[in-house]
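[1] 3D model of this:
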Amino acid sequence: MTGTGTEVGKTVVTAALAAAALEQGRSVAVLKPAQTGLAAEEPGDVADVRRLAGDEVTGAELARYPEPMAPETAARRAGLDPVRPSQVAEAARKLAAGHDLVLVEGAGGLLVRYDEDGATLADVAGLLAAPVLVVAAAGLGTLNATALTTEALRIRELRVAGVVIGSLPKEPDLATRCNLQDLPRAAGAALLGVLPAGAGALSRADFRASARSWLSEELGGSRHGPWH
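    Numbering: from 1, shown residues only. Next comes the predicted model:
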């Protein structure tokens with residue numbers, strides 16, 4: 001799981017995928033390689049996924065850094081060890097041994113640095129030979145950001161699973177409405193989901209009841225056909 005940037009809805013999309021899988025009777029684990037910007041006792045992204053999708057989700061977090069920065073910068077400033085791609089891949093494989101679905105949620109965008117060698121979530125995906133789902137914003141500017149992300153994946157010979165819009169306004173403007181049609185062409189990948197704005201504020205019961213309707217059948221959802 002990666003995004004075209006920060007605050008595009010990666011965690012809520014991760015929760016929707018987890019909820020859809022649980023509704024199908026599958027076991028799910030969510031792995032967050034590095035959580036930044038939170039103190040040790042504060043709930044992070046894994047906690048948010050479990051809050052929305054259910055306590056059945058196995059959660060794992062490999063490192064936490066207090067300042068809200070890229071993981072490599074946050075680790076360096078805190079005097080803590082960075083997270084290496086090999087560590088993430090090893091943790092994901094261990095989780096995969098006991099779960100039907102493992103979702104690895106990156107920090108920020110695809111090429112955010114995790115260590116001083118410049119390792120990114122793309123390196124993790126390469127080690128795991130895993131498809132990458134891109135979470136994108138809905139409004140103006142998203143076509144370019146999404147195209148850059150998917151191009152970077154293809155240059156690295158990684159498989160783009162598709163694109164999901166993390167938050168669609170209740171009353172989308174013209175640019176947003178056009179983006180629903182144009183994103184697949186810009187990304188060179190299918191639009192596989194659209195989550196409504198405010199989905200992350202729903203109760204667990206309402207979130208789980210709605211999650212599959214936001215996702216295409218390819219992602220375990222119930223939606224088929226165009227999104228516009």
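[2] now the residue with the largest distance to the centre of the chain: how far from Gly108?
    Among the C-alpha atoms of the chain, the one most distant from their mean position (Cα atoms, centre = their mean) is that of Gly79, at 27.2 Å. Taking Cβ to Cβ, to the nearest Å as the criterion, Gly79 is separated from Gly108 by 22 Å. (C-beta placed from N, C-alpha, C; glycine too.)
[3] so for the residue farthest from the centre of the chain, what's the pLDDT?
    Per-residue confidence at Gly79 stands at 96 (pLDDT).
[4] then Asp117?
    Taking Asp117 on its own, its pLDDT is 95.
[5] gap between it and Thr6?
    Taking Cβ to Cβ, one finds Asp117 at 22 Å from Thr6.
[6] pLDDT score for the nearest residue to Leu195 once chain neighbours are set aside?
    Spatial nearest neighbour of Leu195, chain neighbours left out: Trp214 (4.9 Å); criterion: Cβ to Cβ, 6 or more residues apart in numbering. pLDDT, Trp214: 97.
[7] correct me, but Trp214 touches Gly221?
    Yes. Using Cβ atoms under 8 Å, Trp214 is in contact with Gly221, at 6.5 Å.
[8] please identify which of the two sits among more neighbours.
    Trp214 (27 against 22; other Cβ atoms under 10 Å).
[9] how close does that one get to Leu183?
    Distance from Trp214 to Leu183, by Cβ to Cβ: 15 Å.
[10] and Ala152, that's in a helix?
    Yes. Assigned with DSSP: H, G, I helix; E, B strand; the rest coil, Ala152 falls within a helix.
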